[in-house]
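Novice: Below is the structure, and that's it, no one-letter string:
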């Protein structure tokens, strides 16, 4: 499914409730979701394990929440994420092609 299709899905949902929030509020939602993602990662991979009885949220769910907020902001600002994604991939594959050491393609894992 393309970003355009996902953006249309989000727009159908949001339009039922009066439209998009102010961009600053959407960014705060993105921040909140990113913080929840960070908490999960810190508890799973960091030095501070979860407290006894503390239930961690689902990482996939939190990533989806963050993506939903991103799609909302893109829609509000009329940004075509398919177009922006393609530009970013060109940047990553062309501009950065010699920036990082590449994995040896002849060796087997």
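Specialist: Noted; the coordinates are in hand. If you're wondering where the values come from, they're calculated on a predicted model, not measured in any experiment.
Novice: Show me what stretch 16-23 is in contact with.
Specialist: Residues outside stretch 16-23 that contact it (C-beta atoms under 8 Å, 6 or more residues apart in numbering): 14, 26, 29, 72-73, 75-77. Using the backbone N, CA and C atoms, a C-beta is placed for each residue, glycine as well.
Novice: Which of the residues in that stretch are classified as buried?
Specialist: Under the neighbour-count criterion of 16 or more other C-beta atoms under 10 Å, stretch 16-23 has 20-21 buried.
Novice: What mean pLDDT does that stretch get?
Specialist: Mean pLDDT, stretch 16-23: 96.
Novice: Would you mind measuring the gap between the ends of it?
Specialist: Terminal residues of stretch 16-23 are spaced 18 Å apart (C-alpha to C-alpha, to the nearest Å).
Novice: about what we covered before: next, give me the two most distant ones among the contacts of stretch 16-23.
Specialist: Pairwise distances across the contacts of stretch 16-23 (C-beta to C-beta) peak at 14.5 Å, for the pair 29 and 77.
Novice: Fine by me, thanks again.
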